[in-house]
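Asker: fold the following and give me the result.
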Amino acid sequence: IKRVRDWLYVKGTNISSVFVKCLLGPDSLIVTVSAFLTRLTQFGFNFYSRFIPDLLHEFELGVWKAIFTHILRILYAYRNDTIQALNKQYRRVPTFGRGTICQFSNNASGMKCLAAWDFEDLLQVTIV
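Answerer: Just a heads-up that it's a prediction; the model follows:
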């Protein structure tokens, strides 16, 4: 990161240059230096190793959303009324627990204005 910062701020290298992409790209790094990093590095503390992956946002919003979209495309290609049948099945699921699974909208397959917890609910109901 220090080398890339020197390239950008001292030598005036473009942020979209091949050199910058080669160094930052594989690990999805950015050139911003945090206060925690500058203060704790001198003690051998790796600030970035303390972050725990967020399964909700990594899986439900990424992989599951792509799989669900693909399933909807397959159902639509099979017959138009299968999407309505899927929506009907999701509507039949009652609310479960306090904040565990909320009642689905009339058009769950439309995926309009869904948050991460909505995709989590869709996944839980689909698995069961």
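
Asker: from here on, contacts and neighbour counts on C-alpha atoms
Answerer: Noted.

Asker: now what about stretch 98-118, what contacts it?
Answerer: 56-57, 60-61, 72, 83, 86-88, 90-91, 93-96, 121 (Cα atoms under 8 Å, 6 or more residues apart in numbering).

Asker: farthest pair within these?
Answerer: The span of the contacts of stretch 98-118, defined through Cα to Cα, is set by 57 and 88 at 26.7 Å.

Asker: so, low pLDDT: which residues of this protein?
Answerer: Scanning the chain with the threshold set as pLDDT under 70 gives 27-28, 47-48, 51-60, 99, 128.

Asker: the helices in it, which residues?
Answerer: 2-9, 18-24, 35-40, 55, 65-78, 81-92, 116-127 (DSSP state H).

Asker: can I get those in a markdown table with distance to residue 105 and mean neighbour count?
Answerer: Compiled in a markdown table, the helices of the chain are given as follows (distance: least, Cα to Cα, whole Å; neighbours: other Cα atoms under 10 Å):
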| stretch | distance to residue 105 | mean neighbour count |
| --- | --- | --- |
| helix 2-9 | 48 | 14 |
| helix 18-24 | 42 | 14 |
| helix 35-40 | 43 | 11 |
| helix 55 | 24 | 10 |
| helix 65-78 | 16 | 14 |
| helix 81-92 | 7 | 16 |
| helix 116-127 | 10 | 16 |
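
Asker: turn those helices into a markdown table, including distance to residue 46.
Answerer: Shown next, in a markdown table, are these (distance: least, Cα to Cα, whole Å):
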| stretch | distance to residue 46 |
| --- | --- |
| helix 2-9 | 16 |
| helix 18-24 | 18 |
| helix 35-40 | 8 |
| helix 55 | 22 |
| helix 65-78 | 32 |
| helix 81-92 | 45 |
| helix 116-127 | 29 |
